[in-house]
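>>> below: sequence and its predicted model.
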Amino acid sequence: MNIDYLEAAKERIPNIPLLINVVARRVRQLNRGQRPLVKPDDLKMSHLDIALKEVGEGKLTAEMNFKVQPAQSQDDLVSL
């Protein structure tokens, strides 16, 4: 793992658990054959480094949705 790519990715997504999930999902996509969004530095560059580089260069982002679900009213509940 390239530390420079990791540091650049942490600047873009400072929430470490979220960064791990984004990178892990992208590595799985690359393993399944999707093309990289950035040019690899060499032919043997790992998918992990490619995913970190993509995040660090802003090609991948994460969006969190904190929409609160409305509470159910007592009238909506079914009684048995």
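That came in fine, so what should we check first? Computed from a predicted structure; not experimentally measured. Numbers count the residues shown, from 1 in each chain.

>>> which SSE is immediately downstream of the longest helix belonging to the chain?
Among the segments of the chain that qualify as a helix by DSSP state H, the longest is helix 16-31. Toward the C-terminal end, the helix or strand that comes next after helix 16-31 (DSSP states H and E) is helix 47-56.

>>> contacts for that next one?
With contact meaning C-beta atoms under 8 Å, 6 or more residues apart in numbering, helix 47-56 is reached by 1-2, 5-9, 11-13, 19, 22-23, 26-27, 30-31, 36-38, 40-41, 60-61. All C-beta atoms are positioned from the backbone trio N, CA, C, and that covers glycine.

>>> try it again with 10 Å
Contacts of helix 47-56 from elsewhere in the structure, counted by C-beta atoms under 10 Å, 6 or more residues apart in numbering, are 1-13, 19, 22-31, 34, 36-42, 45-46, 59-62.

>>> filter those down to the buried ones, ChimeraX style.
The buried subset of the contacts of helix 47-56, as determined by 16 or more other C-beta atoms under 10 Å, is captured in ChimeraX by this line:
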select :2,5,6,8,9,12,13,19,22,23,26,27,30,36,37,45,60
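
>>> by contact count, what packs against the longest helix of the chain?
Judged by 3 or more C-beta pairs under 10 Å, 6 or more residues apart in numbering; DSSP states H and E, the packing partners of helix 16-31 are helix 3-12, helix 47-56.

>>> can you list contacts of it?
Outside of helix 16-31, the residues within contact range by C-beta under 10 Å, 6+ apart are 5-6, 9-10, 12-13, 15, 34-37, 46-52, 54-55, 59-62, 64.
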